[in-house]
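Undergrad: here's a sequence, model it:
(chains A and B)
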2 protein chains.
Amino acid sequence: MNSNGLAKITGLAAAAKSASRRLALMTAAEKNRALVAMADALQRRSAEILVENAKDVEEGRKKGLTKALIDRLLLDEQRLKGIASSLRDIAALPDPVGEIVSGWRTPEGLEIQRVRVPFGVICVVYEARPNVTVDAAALCLKTGNAVILRGGSDAYRSNRILAEVITGAALEAGLPGDAIQFMLDKDRDALIELLQMRDQVDLVIPRGGEALKDFLLEHSKVPVIYAAGGNCHIYVDETADLKSALDITINAKCQRPGVCNAAETLLVHEAVAPDFMAAVTKGLQEREVKLFVDERTRELAGETPAPLETATETHYATEFLDLQMAVKVVSGLEEAVEHIARYGTGHSEAIVTRDLEAARRFARAVDAAVIYINASTRFTDGGVFGLGAEIGISTQKLHARGPLALKELTSIKYVVTGEGHVR
Amino acid sequence: MNSNGLAKITGLAAAAKSASRRLALMTAAEKNRALVAMADALQRRSAEILVENAKDVEEGRKKGLTKALIDRLLLDEQRLKGIASSLRDIAALPDPVGEIVSGWRTPEGLEIQRVRVPFGVICVVYEARPNVTVDAAALCLKTGNAVILRGGSDAYRSNRILAEVITGAALEAGLPGDAIQFMLDKDRDALIELLQMRDQVDLVIPRGGEALKDFLLEHSKVPVIYAAGGNCHIYVDETADLKSALDITINAKCQRPGVCNAAETLLVHEAVAPDFMAAVTKGLQEREVKLFVDERTRELAGETPAPLETATETHYATEFLDLQMAVKVVSGLEEAVEHIARYGTGHSEAIVTRDLEAARRFARAVDAAVIYINASTRFTDGGVFGLGAEIGISTQKLHARGPLALKELTSIKYVVTGEGHVR
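TA: Below is the predicted model:
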């Protein structure tokens, strides 16, 4: 990177840090007014935004982006309205900053409080989804953090106009102008430089796939909250209600197969496999799910609507994100737990059982962000959990595991008050 | 590293991971029994331990280790008794694992619990302090984590015998034999290899200086909890009780100058500086503190017991860890906050004031792990805070800020229970 580029990124980070100090002192009311002003501005200036977005979409089509990517990129009146409405929802949530998480008095009479505070500066790195631009900015502002947004280059024009609109509105509403920073240039070196600035940037949150994760592992000296993909399992235990097991399996696989909390492998206890396999393979295949099965499953499934393929190690290790599922008969809970430990990614894991002891053992022995007992893995979501908006799902154990909602975007600080106390 | 070494470290990490799964399921009573057995074994076998330690000390003297380093390395009957006694204290603390941190029911009737769980495998990297070997192992075991200990090579023999003693006792008490792993070889490459194993190692906790920190920033792909040094400040506000201010300053600087929560710079409001400077410089110099002061302080201090040196940028930026202190007159709270933002390391920062508004502003505006109002910075300590034993002080904002006590050695897991719930 040339010295000009370095000066630019250094300046941007310093401005964000400085803004974060002012932002940390603002009241919830001030921040919420800004969020509502941003929502209003997005709707008022929707025509401009859609024009710029259309240019990105056109260029994306020319470049041969897949239909799915184009769909992620595309904005229309309805989607913009949805984005604005989610800003108002975030404004309506309680502000976690200032919460006294706990407090006590020591034997010497010192009063100790653990107080929730903003991180400072959060850098969000994401792909070509313009809605993330607005969502991430809003969640960070709400929690008193300055934010540096680094979106995908395919959404360049959309992000530029969205940046202009929301930054302008926030500034008018009294927020520090530098609280929302955009890295609009496509310079990878600038990002690498930023990832070294531990004094200026407090946290990096990636929203992207394995390539982005590897890039950050390689380059970031700033702490990162990683989210692995979700190779999620449904384990149908010996005592499972088989109707529930069928419903949960079909829901977890088919309701929205392209998301991280969809199930990828079905494990069935050998005691119920004879009664369950024909029904579940039929149910899944009727919904056009392609199945990769072990020999025992093939025997028990009998005649199936479509051919069954033979499962390999690779299938068990794959997050299909599609209408595909691996199926395996296991000797019991122990084998299920071992299979999940081996192939799972620590996201969402479900057991279907009527046995209290089995439920407790599964919940304790499986190492994942979310364990489900008699419920679909599809529930892993900040909104569904009642946490309000989320910026992603963390599968790491440090700081935040599961949905990254508002509280997870904060740190804590001890405030200790004495009366001249010395040691 | 040769393939033999790689196989060894891979095996060690896999064994620790496997042990961590069994350890996570053990009850508090089982873990506490093991901790007490370890304490007993340390005392029973003290003669052997002291013989090995004496060899390390002798070699250290030959190598010309400083007196301070030799002191850290040295064990005697009294110190071993202290180490054993701290094991019993840890056994007596409540087990954080299994705590239901929060829980609620969603509108759909799903029951959600956030449950405290072990991390899995924690790697502790430290210098030549044999007591850390035992302490770190005990804190990790208590919290259900397997631990990989990587001590300094100067304590090689001491660590080897301590390892043998406590691992043997833990195994006899029914803990998985691989729950405590020692990296006794001095191979840096083996550590670097371990730091890539994100699937096996869940967390790294360093206890060492800046060189170790830089090494981990360079090499670790496993999350690390960093602790910066403590460039701590005392700010004496306009309305301060000057007797308190004097006591707090002298205590924070002199009670134990070599530790991270000792104060390094004194900032005094210009309105009280004329009444305070002579007393505080005299008080500090009588305790043999060497002072680096700005011009205003020099004028106000008048005749002093010893000469005052002129403070430079470097002095303000230095964690002396010694009987040295920088002193500066500031125009008010704003300048104090700015000075701390510029030179502080986010550890412990104190204000002495009688003004409620100033106390609140300081507490909110200063970005540090612990803020003190009318108390010495020397209180930053897990034990003093009432958290029980600690493994260090974190100055990072991710996961844990302030003392790293038992709770900070755990993560959480969501356990969600339904009755066949699907989306």
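Undergrad: alongside chain B, which residues does the stretch 201-350 of chain A contribute?
TA: Selection of the stretch 201-350 of chain A residues close to chain B by CB under 8 Å from any CB of the partner chain yields A:202-203, A:217, A:221, A:223, A:225, A:241, A:243-244, A:247-248, A:250-252, A:255, A:341. C-beta coordinates here come from the backbone N, C-alpha and C atoms, glycine included.
Undergrad: one more time with 10 Å
TA: By CB under 10 Å from any CB of the partner chain, the residues of the stretch 201-350 of chain A that approach chain B are A:202-203, A:214, A:216-218, A:220-226, A:228, A:240-241, A:243-252, A:255-256, A:261, A:337-338, A:341, A:346, A:348, A:350.
Undergrad: other residues contacting the helix or strand bottoming out on mean pLDDT in chain A?
TA: In chain A, the helix or strand scored least confidently by mean pLDDT, DSSP states H and E is helix A:67-73, which has a mean of 89. With CB atoms under 10 Å, 6 or more residues apart in numbering or on different chains as the test, helix A:67-73 has contacts from A:53, A:56-61, A:63-66, A:127-132, A:152, A:154-155, A:158, A:258.
Undergrad: restricting to C-alpha, output that helix in CSV.
TA: Listed next in CSV are the C-alpha coordinates belonging to helix A:67-73 (Å, rounded to 0.1, in the frame of the first residue of the first chain):
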residue,chain,number,x,y,z
LYS,A,67,-29.0,-15.7,-9.3
ALA,A,68,-28.7,-16.2,-5.5
LEU,A,69,-26.0,-13.5,-5.3
ILE,A,70,-28.0,-11.1,-7.5
ASP,A,71,-31.0,-11.7,-5.2
ARG,A,72,-28.9,-10.8,-2.1
LEU,A,73,-27.7,-7.6,-3.9
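Undergrad: about what we covered before: show the buried residues in the residues of the stretch 201-350 of chain A next to chain B.
TA: A:202-203, A:216, A:220, A:222-226, A:228, A:240-241, A:244-252, A:255, A:261, A:337, A:341, A:346, A:348, A:350 (16 or more other CB atoms under 10 Å in any protein chain shown).
Undergrad: gap between the one helix or strand residue A:279 maps to and the chain center?
TA: Element membership of residue A:279 [criterion: DSSP states H and E] is helix A:273-286. Relative to its chain's centre, helix A:273-286 lies at 32 Å (CA atoms, centre = their mean, to the nearest Å).
Undergrad: likewise for stretch A:59-74?
TA: When C-alpha coordinates are averaged (CA atoms, centre = their mean), stretch A:59-74 and its chain have centres 22 Å apart.
Undergrad: residue of the stretch 101-250 of chain A closest to chain B, please.
TA: Nearest to chain B in the stretch 101-250 of chain A, going by CB to the nearest CB, is residue A:244, at a distance of 3.6 Å.
Undergrad: my read is that that residue contacts residue B:421, right?
TA: Yes. In this structure, residue A:244 is within contact of residue B:421 by CB atoms under 10 Å, at 9.0 Å.
Undergrad: quick check: neighbours shared by these two?
TA: A:374, A:375.
Undergrad: now the residue of the stretch 251-400 of chain A found nearest chain B: closest residue in space, sequence neighbours ignored.
TA: Of all residues in the stretch 251-400 of chain A, the one sitting closest to chain B is residue A:375 (3.1 Å; CB to the nearest CB). Spatial nearest neighbour of residue A:375, excluding adjacent residues (CB to CB, 6 or more residues apart in numbering or on different chains): residue B:418 at 3.1 Å.
Undergrad: for residue A:124, same thing?
TA: residue A:136 (4.2 Å).
Undergrad: skip ahead from the helix or strand containing the one you found and say which helix or strand is next.
TA: Element membership for residue A:136 (DSSP H and E) is helix A:130-142. Sequence order places strand A:146-150 as the next helix or strand after helix A:130-142, per DSSP H and E.
Undergrad: pairing partners for the helix or strand hosting residue A:125, with directions?
TA: Here residue A:125, judged by DSSP H and E, is contained in strand A:121-126. As defined by DSSP bridges, the strand partners of strand A:121-126 come to strand A:146-150 (parallel), strand A:203-207 (parallel).
Undergrad: so of the ones you listed, which one's packed in deepest?
TA: Highest mean neighbour count among those (mean count of other CB atoms under 10 Å in any protein chain shown): strand A:146-150, with a mean of 26.
Undergrad: and that one, average pLDDT?
TA: Strand A:146-150 carries an average pLDDT of 96.
Undergrad: what about it, distance to the chain center?
TA: Its chain's C-alpha centre and that of strand A:146-150 lie 16 Å apart, by CA atoms, centre = their mean.
Undergrad: now the end-to-end length of stretch A:285-300.
TA: For stretch A:285-300, the first-to-last residue distance is 15 Å (CA to CA, to the nearest Å).
Undergrad: give the buried residues for that stretch.
TA: A:285, A:289, A:291, A:292, A:293, A:294, A:296, A:297, A:298, A:300.
Undergrad: and stretch A:362-376, by the same measure?
TA: So for stretch A:362-376, counting by 16+ other CB under 10 Å, buried means A:362-376.
Undergrad: cool, stretch A:102-110 as well?
TA: For stretch A:102-110, by 16+ other CB under 10 Å, it's residue A:110.
Undergrad: now the end-to-end length of that stretch.
TA: 14 Å.
Undergrad: what is the mean pLDDT for it?
TA: In this model, stretch A:102-110 has a mean pLDDT of 96.
Undergrad: same deal with stretch A:208-222?
TA: In this model, stretch A:208-222 carries a mean pLDDT of 91.
Undergrad: top strand in chain A by residue count?
TA: Criterion DSSP state E: the longest strand present in chain A is strand A:410-421.
Undergrad: now it - C-alpha only, CSV.
TA: The C-alpha trace of strand A:410-421 is given here as CSV (Å, rounded to 0.1, in the frame of the first residue of the first chain):
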residue,chain,number,x,y,z
THR,A,410,-20.9,-4.4,24.5
SER,A,411,-18.1,-5.0,27.0
ILE,A,412,-18.0,-4.3,30.7
LYS,A,413,-16.1,-2.0,33.0
TYR,A,414,-15.6,-2.1,36.8
VAL,A,415,-16.5,1.1,38.6
VAL,A,416,-15.2,0.9,42.2
THR,A,417,-16.1,3.6,44.7
GLY,A,418,-14.4,4.1,48.1
GLU,A,419,-13.9,6.8,50.7
GLY,A,420,-10.2,7.2,50.5
HIS,A,421,-9.6,3.4,50.6
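Undergrad: now the angle from it to strand A:203-207?
TA: With axes from the mean of the first three to the mean of the last three CA atoms, to 10 degrees defining the directions, strand A:410-421 sits at 160 degrees from strand A:203-207.
Undergrad: please work out the average pLDDT along stretch A:324-331.
TA: Mean per-residue pLDDT for stretch A:324-331: 98.
Undergrad: got the CA positions of that stretch in CSV?
TA: Extracted in CSV, the C-alpha atoms of stretch A:324-331 (Å, rounded to 0.1, in the frame of the first residue of the first chain):
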residue,chain,number,x,y,z
GLN,A,324,-29.6,-32.8,0.7
MET,A,325,-29.2,-34.7,3.9
ALA,A,326,-27.0,-37.5,5.3
VAL,A,327,-28.7,-40.3,7.4
LYS,A,328,-27.1,-42.8,9.7
VAL,A,329,-28.3,-45.4,12.2
VAL,A,330,-26.4,-45.2,15.5
SER,A,331,-26.2,-47.7,18.4
